[in-house]
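In: A structural model of the following input is requested.
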Amino acid sequence: MRPLLPELVTDILLCLPVTSLLRFRCLSRSHCAEIDSPDLAKDHLNRSIQSKTGQKLVINNVHFMDQTDFYYAELDDNLEDAYLLNNPLKSSRRCTSVCGSCNGLFLLGIFVKDQNMDFALWNPFTKKYKKLAPCPVQTNPGFKRFMCFGLGYVSATNDYKIVMISKVRKSNDDDDVCFQVWVFSLNSNSWRRIQDVEDELTSRFGLYANGALYWETEYKCVGFDITNEVFFDLPLLSDFGPTAIYHDSMVVFGANLCSPVIRNDPNSIEYYLRVSDNGGEVAGGSWRKEFTLEGERNILFDWPLPLAYSKKGDSILVNKGNVIYWYNFESQKRTRVEILGFPHVPTYNFHVFSESLVSPGNDSAFDGRAEEVIIEDSEDDSEDGSEADSD
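Out: Numbers count the residues shown, from 1 in each chain. Model prediction:
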């Protein structure tokens, strides 16, 4: 049997889930090299996002000084079952928080009692993670918790950047402070301090959307252009009339920043997306109405947060007060989701993203759930590949 054309093999690989691709690394050295290549990882991720396949709902319990467990459910299977993920940093002495996510990578923040914070990048579906070098920022007693974090991606250089903003006391005067900004580049594997930010941020974890990270302050939203490493003010929803109310409960929905808007009707909430202009600057773009949730009573600090569209697009998955349900746009019916295998805890977070092959960097380690497949050298690699293709 004649071997398949290389371009056809690549097309087939792009259609496969991550778990299958990891198994197929052992077919030959050439298959292993292609599956491990950054180009395939990028193309595979883009296809998964466009086709809405491989979408996962990752859930983690939230407690500042407790062990952290991660579970996931398949959005393609209507969230029927939850499966335990192996937190590579889990310890009886550690609290692990999700400080950001991007392209199938989690930025984990490792809290250790009476110690500073360390970071790790983790891909839970390739089972690889990488501990990052400690940030050289010097935190002061009483200010350690005044830190903000974020993870973003620079497509032009295929680089992932971690941003940490720390409130630092400049003298013995508690009011004499600055807000230092540190950036870690995965390509250079190092931290750099850049220009301080003027505003004190009130949201801890940055939201990554369309090339920028976003945090909230007391009166506005601040964006950070991840490529050019500059801050900018985000225009708020101020042009929808005097009856509209801007609320600061923003989330990332799909690839865009999403914000609710309330008008006169107390049982209706409109949701707007911040859409970037084609070829425009990161700081540009405009707000566009995406959908409305009817029959939702507006209770402060208990807003329905959209998570994902259904595959048909006729429903949306919503999180309200740690209760998730499908909302059908036509019937306005709500169907509560009960995920089997997930333990009920007081508080947990939900994260929606597509599984990917994106690597957390060189010198990454396995999270302990499986051994790495080792490809033995053969005398004739081309012969090995031909045999694999003919099986």
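In: any weak-confidence spans in the stretch 151-300 of the chain?
Out: 171-175, 237-248, 278-281, 297-300 (pLDDT under 70).
In: can you do 80?
Out: Along the stretch 151-300 of the chain, the parts satisfying pLDDT under 80 run over 169-176, 218-219, 235-249, 262-267, 276-284, 295-300.
In: Tell me the secondary structure at residue 184.
Out: Classification of residue 184 using DSSP: H, G, I helix; E, B strand; the rest coil returns strand.
In: now residue 159: how far from residue 187?
Out: Relative to residue 187, residue 159 is positioned 4 Å away (C-beta to C-beta, to the nearest Å). For glycine as for every other residue, the C-beta is placed from the backbone atoms N, C-alpha and C.
In: same check, this time on residue 340
Out: 41 Å.
In: Settle it for me: which of these two has more neighbours?
Out: Set residue 340 next to residue 187 and count neighbours by other C-beta atoms under 10 Å: residue 187 wins out with 13 against 9.
In: Tell me who's in contact with that one.
Out: When contacts are counted by C-beta atoms under 8 Å, 6 or more residues apart in numbering, residue 187 touches 157-159.
In: Residue 43 is in contact with residue 11, isn't it?
Out: No: applying C-beta atoms under 8 Å, one finds residue 43 not in contact with residue 11, separated by 9.8 Å.
In: between those two, which one's more packed in?
Out: Neighbours were counted for residue 43 and for residue 11 using other C-beta under 10 Å; residue 43 has more, 16 against 13.
In: Report the contact partners of the closest residue to the more buried one other than its chain neighbours.
Out: Nearest residue to residue 43, sequence neighbours excluded (C-beta to C-beta, 6 or more residues apart in numbering): residue 14, at 5.8 Å. For residue 14, the contact set (C-beta under 8 Å, 6+ apart) comprises 40, 43-44, 47.
In: Whatever helix or strand residue 289 lives in pairs with which strands, and in what direction?
Out: In this structure, residue 289 sits in strand 286-294 according to DSSP states H and E. With DSSP bridges as the test, strand 286-294 is paired with strand 268-275 (antiparallel).
In: How about residue 216, nearest residue that isn't a chain neighbour?
Out: Distances taken as C-beta to C-beta, 6+ apart put residue 203 closest to residue 216, at 4.2 Å, once the chain neighbours are dropped.
In: Can you list phi and psi of residue 195 for me?
Out: Main-chain torsions, residue 195, degrees, to the nearest 10: phi -60, psi 140.
In: ok, now how distant is it from residue 231?
Out: Per C-beta to C-beta, residue 195 is found 8 Å from residue 231.
In: So if I had to pick from the two, which one is more boxed in?
Out: Shown here are residue 195 and residue 231; by other C-beta under 10 Å, residue 231 has more neighbours (20 against 10).
In: Surely that one is within a helix?
Out: No: applying three-state DSSP, one finds residue 231 to be strand, outside a helix.
In: burial count for residue 121?
Out: By the measure other C-beta under 10 Å, the count of residues near residue 121 is 25.
In: make that residue 20, sorry
Out: Neighbourhood size, residue 20 [other C-beta under 10 Å]: 10.
In: Is it in a helix, a strand, or coil?
Out: Residue 20 ends up helix, using three-state DSSP.
In: Contact partners for it?
Out: Contacts of residue 20 (C-beta under 8 Å, 6+ apart): none.
In: tell me the pLDDT at it?
Out: At residue 20, the model reports a pLDDT of 93.
In: any idea how far it lies from residue 103?
Out: The gap separating residue 20 from residue 103 is 19 Å, by C-beta to C-beta.
In: again, but for residue 39
Out: Using C-beta to C-beta, residue 39 is found at 14 Å from residue 103.
In: Looking at these two, which has the bigger crowd around it?
Out: Using other C-beta under 10 Å, the more surrounded residue of residue 39 and residue 103 is residue 103, with 21 against 10.
In: List the residues that contact the more buried one.
Out: So residue 103 contacts 45, 153, 160, 353, 356, 358 (C-beta under 8 Å, 6+ apart).
In: Could you do residue 158 as well?
Out: Residues near residue 158 by C-beta under 8 Å, 6+ apart: 38, 42, 187.
In: Same check on residue 60?
Out: Contact analysis of residue 60 by C-beta under 8 Å, 6+ apart lists 68-71, 98, 348-349, 351.
In: now it, which residues is it bridged with?
Out: When bridges are called by DSSP bridges, residue 60 pairs up with residue 70, residue 349.
In: Quick check: which ranges of the stretch 1-150 of the chain have low pLDDT?
Out: In the stretch 1-150 of the chain (pLDDT under 80), the answer is 1-7, 61-68, 76-78, 89-95, 110-117, 138-146.
In: Please enumerate the strands of it.
Out: In the stretch 1-150 of the chain, the segments counted as strands under DSSP state E, counting those that start in this stretch are 55-61, 70-74, 83-85, 94-102, 105-112, 118-123, 128-131, 147-154.
In: Which among these is found nearest to residue 367?
Out: Nearest to residue 367 among those is strand 128-131; the distance by C-beta to C-beta comes to 5.6 Å.
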